[in-house]
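K.L.:
Got a predicted structure plus its sequence, pasted below:
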Amino acid sequence: MLEQIDLTKVLVLDIETVPVKKSYSELDDIWKELWGKKMKLQINEFTTGEDLYEKAGIYAEFGKIICISIGVFYYENSIVKFRLKSFYNDDENILLEEFCDLLNTKYSDDDKLLCAHNGKEFDFPFIARRCLINGIKIPKILDTSGKKPWEVKHLDTMEMWKFGDYKSFTSLILLAALFGIDSPKDDIDGSQVGRIYWEENDLKRIEKYCKKDVITVAKILLRFKGMEMLNESNISDADSYEKNETKKNFNN
């Protein structure tokens, strides 16, 4: 499976998102109304728009990106290795500018690929939408407008696992368990990100969690290719290098 994929051309990524506002009460009347219309099928006599606001982070119209973690494969003495990096900031515009600059300079060629779990339904379109909202030009590799399916350079480990069966959602944690991969949710999970961001202001903890998801996706991709699992000694973190060394050591 995926024998034709050159791992060194693949950028693995994961994003973390939160509601734009800390609470429903901070929305003005117009946005409360818009949120209510967005959630109209879920609102009933027992559930209000305010009750549902914790879900706002999964909608690009009502949420923002606070972290994008990425990873790249490379070979050293014929051994597959993996290097991580994150873009995280309270200011989404700064985060997206930095991430898009990487895509525009390193991942604009037609042989490059993006990979994420459920990326086609969530990560990739969410980034593209938030770029537009922030007035940032969508990088070529994320812009699917007018492209034929085979021209879209996106890999999705959830889609690959389906083998054409679209009846169900398979979580990253379930796939990890199936392949004997340590759970990336050993500290927090996605449902807790909004609270940790808005109540604990612990963006670094969220960034560490995001990187764990990237590592898990990378390991699953290797299993799909029938390759040996990454061990911890072959995973490095570009963010841990001195600033003047980072660019030299990321994306060989």
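P.N.:
Yep, that arrived.
K.L.:
Helix or strand: which one has residue 83?
P.N.:
Element membership for residue 83, per DSSP states H and E: strand 79-88.
K.L.:
After that strand, which helix or strand is next?
P.N.:
Next helix or strand after strand 79-88 toward the C-terminus (DSSP H and E): helix 92-106.
K.L.:
Now do the strand holding residue 83: which elements does it pack against?
P.N.:
strand 63-76, helix 92-106, helix 203-224, strand 235-237 (3 or more CB pairs under 8 Å, 6 or more residues apart in numbering; DSSP states H and E). C-beta coordinates here come from the backbone N, C-alpha and C atoms, glycine included.
K.L.:
okay if I get those as JSON lines plus distance to residue 53?
P.N.:
Shown next, in JSON lines, are those (distance: least, CB to CB, whole Å):
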{"stretch": "strand 63-76", "distance to residue 53": "11"}
{"stretch": "helix 92-106", "distance to residue 53": "19"}
{"stretch": "helix 203-224", "distance to residue 53": "19"}
{"stretch": "strand 235-237", "distance to residue 53": "34"}
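K.L.:
Just put the ones you listed in CSV and tack on mean neighbour count, distance to residue 124 and mean pLDDT.
P.N.:
Putting these into CSV (neighbours: other CB atoms under 10 Å; distance: least, CB to CB, whole Å; pLDDT from 0 to 100) gives the following:
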stretch, mean neighbour count, distance to residue 124, mean pLDDT
strand 63-76, 21, 11, 97
helix 92-106, 17, 11, 97
helix 203-224, 21, 13, 96
strand 235-237, 17, 24, 94
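K.L.:
Each with direction, which strands does the strand holding residue 83 pair with?
P.N.:
Taking DSSP bridges as the criterion, strand 79-88 sits next to strand 63-76 (antiparallel), strand 235-237 (parallel) in its sheet.
K.L.:
angle of that strand against helix 92-106?
P.N.:
If you take axes from the mean of the first three to the mean of the last three CA atoms, to 10 degrees, strand 79-88 sits at 150 degrees to helix 92-106.
K.L.:
Mind listing what's buried along stretch 173-187?
P.N.:
173, 175-176, 181, 184-185 (16 or more other CB atoms under 10 Å).
K.L.:
what's it in contact with?
P.N.:
Stretch 173-187 is contacted by residues 117, 157-158, 161, 172, 189, 205, 208-209, 212-213, 215-216, 219-220, 223, 229 when judged by CB atoms under 8 Å, 6 or more residues apart in numbering.
K.L.:
go with 10 Å
P.N.:
Outside stretch 173-187, the residues within contact range by CB atoms under 10 Å, 6 or more residues apart in numbering are 14, 117, 157-158, 160-161, 170-172, 189-192, 196, 205-206, 208-220, 222-224, 229-230, 232.
K.L.:
Return it as CSV; C-alpha atoms alone will do.
P.N.:
C-alpha atoms of stretch 173-187 as CSV (Å, rounded to 0.1, in the frame of the first residue of the first chain):
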residue,chain,number,x,y,z
ILE,A,173,-6.7,6.9,18.7
LEU,A,174,-8.6,3.8,17.4
LEU,A,175,-6.2,3.4,14.5
ALA,A,176,-3.2,3.8,16.9
ALA,A,177,-4.6,1.1,19.1
LEU,A,178,-5.1,-1.2,16.2
PHE,A,179,-1.5,-0.9,15.2
GLY,A,180,0.0,-1.0,18.7
ILE,A,181,0.9,2.6,18.7
ASP,A,182,0.9,4.6,22.0
SER,A,183,-2.1,6.8,22.3
PRO,A,184,-1.4,10.5,21.6
LYS,A,185,-4.2,11.3,24.1
ASP,A,186,-2.2,10.3,27.2
ASP,A,187,-2.4,13.9,28.6
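K.L.:
Distance from the chain centre to that stretch, please.
P.N.:
A distance of 17 Å separates the centroid of the chain from that of stretch 173-187, by CA atoms, centre = their mean, to the nearest Å.
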